[in-house]
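S.K.: generate coordinates for the sequence data below:
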Amino acid sequence: MSILVVLCTCPLEVAPVLARQLVEARLAACVNLLPQVQSIYRWQDQVQQDSESLLLIKTTAEAYPRLEQHLREHHPYSVPEVLAVPVSLGLEGYLQWVVEAVDPGAESNC
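M.R.: Okay, here's the model as predicted:
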């Protein structure tokens with residue numbers, strides 16, 4: 001089973017809510033919240049700057065489609081940052097825990 005780290009930025013007040021929803025729905029084994037990242041980006045032909053939280057979401061490739069769907073439905077941005085990065089190496093025990101903690105067939109009821 002393939003492990004992914006998914007990066008997702010969101011408003012500071014939304015981050016803990018989204019993180020908890022993902023773990024409770026078994027779409028993620030763990031979500032780390034990195035508060036107060038400064039994002040500078042172009043949106044609608046304007047350069048923007050915002051304070052956001054960065055979610056580091058640990059999941060599986062099998063659960064990713066449902067995780068992405070959950071983020072699209074519950075994230076306040078019309079086009080949220082959702083980037084999945086494959087994990088090529090890691091502590092075997094940790095990787096196995098991620099697999100066991102994520103239910104590939106879990107339905108998101110949040």
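
S.K.: please identify the helix or strand for residue 32.
M.R.: strand 30-43 (DSSP states H and E).

S.K.: er, residue 58 I mean
M.R.: Here residue 58 is assigned to strand 46-60, by DSSP H and E.

S.K.: and what of residue 16?
M.R.: Per DSSP H and E: residue 16 is located in helix 15-24.

S.K.: surely residue 71 forms part of a helix?
M.R.: Yes. According to DSSP: H, G, I helix; E, B strand; the rest coil, residue 71 belongs to a helix.

S.K.: need the pLDDT of it.
M.R.: pLDDT for residue 71: 98.

S.K.: still on that earlier bit, so which elements touch the strand holding residue 58?
M.R.: Under the contact definition 3 or more CB pairs under 8 Å, 6 or more residues apart in numbering; DSSP states H and E, strand 46-60 sits against strand 3-10, helix 15-24, strand 30-43, helix 92-101. (C-beta placed from N, C-alpha, C; glycine too.)

S.K.: the residue most central in space within the chain: what's it in contact with?
M.R.: Closest to where the C-alpha atoms of the chain average out (CA atoms, centre = their mean) is residue 57, at 4.0 Å. By CB atoms under 8 Å, 6 or more residues apart in numbering, the contact set of residue 57 is 5-8, 19, 22, 28, 30-31, 67.

S.K.: good, wrapping up.
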